[in-house]
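# I would like to see how this sequence folds:
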Amino acid sequence: MKKDIFITIIVFFVGFMGYSFCIMQIYSSPDGNSYPFNASLIYLGTATFIFVFLLTLKEDISKIMKWINILLVLVFGISSILYALICLYALPNEDGMDPLASAVFLVSGMLSFASIFLIGRFVKIVTKY
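Below is the predicted model of the structure:
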């Protein structure tokens, strides 16, 4: 039980750090430029890290921990879709779009959504069989 709580706390902090570093790279880098591709690579690394941590979940965790992990990953995946839209339509630089960064954000979102199904498959949250 303590391991599952620790994994949930790690997932939260890693997701929060990835989210905040992406915001800093896109909107508030120290030199005043926008780096959406760097932000997308940071987010992809964060999504991969979260996916690997959720692989270590066992079947005997409580339902509350299952739902907390699912909600954290769901928020992470939805924010990756929002970042992809930001990279396509609302970048603060003069070009205004970066489709490669948008594609990387979508890949990281798909990876995080895949980890939701991984939690559901291994811990049998959807079915009771």
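# from the contact counts, what lies against the helix or strand hosting Met24?
Assigned by DSSP states H and E, Met24 belongs to helix 2-27. With contacts defined as 3 or more CB pairs under 8 Å, 6 or more residues apart in numbering; DSSP states H and E, the packing partners of helix 2-27 are helix 36-55, helix 63-89. Backbone N, C-alpha and C define where each C-beta goes, glycine included.
# which parts of the shortest one are buried?
Along helix 36-55, these residues count as buried under the neighbour rule (16 or more other CB atoms under 10 Å): 36-37, 39-44, 46-47, 49-51, 53-54.
# was I right to think Leu74 contacts Ile116?
Yes. If you go by CB atoms under 8 Å, Leu74 and Ile116 touch, sitting 6.3 Å apart.
# between the two, who's got more neighbours?
Between Leu74 and Ile116, Ile116 has the larger neighbour count (other CB atoms under 10 Å), namely 19 against 13.
# any low-confidence regions in the chain?
Applying pLDDT under 70 to the chain flags the ranges 58-60, 94, 120-129.
# swap the cut-off to 90 and go again
Filtered on pLDDT under 90, the chain yields the residue ranges 1-11, 15, 23-36, 50-70, 72-73, 86-99, 113-129.
# find the residue at the geometric middle of it.
Nearest to the geometric centre of the chain sits Phe76, at 3.8 Å (CA atoms, centre = their mean).
# roughly how far does it sit from Val107?
Shown here: Phe76 relative to Val107, a distance of 13 Å by CB to CB, to the nearest Å.
# do Ile7 as well
From Ile7 over to Val107 the distance is 23 Å, taken as CB to CB.
# neighbour-wise, which of the two wins?
Ile7 (20 against 16).
# ok, the more buried one - contacts?
Going by CB atoms under 8 Å, 6 or more residues apart in numbering, Ile7 touches Phe53, Leu54, Thr56, Leu57, Asn69.
# try 10 Å
Applying CB atoms under 10 Å, 6 or more residues apart in numbering, we find Ile7 in contact with Ile50, Phe53, Leu54, Leu55, Thr56, Leu57, Lys58, Ile61, Met65, Asn69.
# cool, Ile23 as well?
Going by CB under 10 Å, 6+ apart, Ile23 touches Ala39, Ser79, Tyr83, Ile86.
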